[in-house]
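The following block contains a protein sequence and its predicted model.
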Amino acid sequence: MHRNREVKSGQNGSIALVLLFFLLASPLFHPLSLSAADATIRVLLLDGKSARIPQKNEKVEKLGNAKGEVILSGLKYTGNIDVWRGESGLYLVNEIPLEDYVKGVVAAEVGSRWDSEALKAQAVVARTYALYQKSSSAVQKVPYHLTSSVMHQVYKGHSIPETIAKAVDSTKGEILTYEGSPIAAYYHSTSGGMTEDPLEMFGKSYPYLKPVETGSELSPYYMWEKRIPLADIEKATGYDGIRDIIIDSYTVSNRVRIFKVITGTGEYSVPAKDLRKNLGWEKLPSTMIMSLVREGDAYIFEGKGYGHGVGMCQWTTLEMAREGKSYREILSRFYPGTAIELYENREND
């Protein structure tokens, strides 16, 4: 959501204006209040990697709604599209049936050639995560439940491969619950051998999310090496004149908790998760760092895994599916103590 992974204020200008012209010219355009449909989800469509979401004090105005198809950055989205105008551009919110949304998430998050049981596991987790976000989302000026990016889980409104549609349909309505409520179904790409305690990443513990040993050797990010310029690290940490960086402490899953940054003015502690966020998810794939060596004006990071490491490891689900494990066995491995139930009538709980 994984992980891994907005309408840009510059580039999105032309896209937004063209889209707005299309909507205003359409006979379907009309003011609309929020839908009362039970099994739907509202997704803020983000264009590109540098996500831009409505800020707390940003002035926004709802322009209207259109039904049909909209193309944004080469991707086709269907359903209801609410158009909001902010201080630096437009916000587009796509309201669609939950099951259609889940298909779009599975298609974006994993490969269509993955084994069926792995696809089913991803479908249940994506559906659960969406309903959890829907039930916990606060009232916002631009009403949406989650975004289409790795800020939550990736959603792309393109055509859905038959294998994915079949896997989602076969688990229709199924979600993971704990004591009768949808769980915080975190997941990530590659664990590197063990999942992480959510307390380390998100500052909160969950009885059904505990570190477990995993495989994930099939992943291209099982082991990796990254060369990161010192200038980038200084910018990401906010400290100039860095003389050295050392690993100060580890989490229970052997991920780095704290880096110690040494400059001419002192020593400073930098949370590894903050360094990764500021550098960029792709530049530093995970905080499971095996070695860190200075080489000229750069540091060589050798590590394992991709993502925050909490919850289900997607590449391990593929390994387990190929070993003959069912999606229910896969889910019980990563979310012990949970139950699989149907989501009917849960939206209004």
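Thanks, I have it.

Just the helices from the protein, written as ranges.
Per DSSP state H, the chain carries helices over the ranges 12-25, 98-109, 116-136, 162-170, 198-202, 230-237, 272-279, 314-322, 327-334.

how about the ones you listed, which one is nearest G64?
helix 12-25 (6.8 Å; C-beta to C-beta). From N, CA and C alone the C-beta is placed, and that goes for glycine too.

low-scoring stretches of the protein, by residue?
Along the chain, the parts satisfying pLDDT under 70 run over 1-38, 48-51, 137-142, 158, 345-349.

Got the domain ranges for it?
According to automatic domain parsing, the chain comprises the domains 12-172, 224-303.

Same list, those, but as TSV with distance to L209 please.
Putting those into TSV (distance: least, C-beta to C-beta, whole Å) gives the following:
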stretch	distance to L209
domain 12-172	12
domain 224-303	12
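
ranking these by burial, who's on top?
domain 12-172 (a mean of 18; mean count of other C-beta atoms under 10 Å).

hey, C-alpha coordinates of stretch 277-292 in CSV?
Output of stretch 277-292 as CSV, limited to C-alpha atoms (Å, rounded to 0.1, in the frame of the first residue of the first chain):
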residue,chain,number,x,y,z
LYS,A,277,9.8,9.0,3.8
ASN,A,278,11.9,12.1,3.2
LEU,A,279,14.2,10.4,0.7
GLY,A,280,11.4,8.7,-1.1
TRP,A,281,9.9,5.2,-0.9
GLU,A,282,11.7,4.0,-4.1
LYS,A,283,15.1,5.5,-3.2
LEU,A,284,15.2,3.7,0.2
PRO,A,285,12.9,0.6,-0.3
SER,A,286,12.7,-0.3,3.4
THR,A,287,14.3,0.3,6.8
MET,A,288,15.7,-3.3,6.9
ILE,A,289,19.3,-2.2,6.4
MET,A,290,21.9,-4.9,6.5
SER,A,291,24.9,-2.6,6.0
LEU,A,292,25.7,1.1,5.5
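
contact partners of it?
For stretch 277-292, contacts defined as C-beta atoms under 8 Å, 6 or more residues apart in numbering pick out 3-5, 150, 190, 192-193, 221, 224, 226, 228, 232-233, 235-237, 245-247, 253-257, 272-273, 275-276, 299-309.
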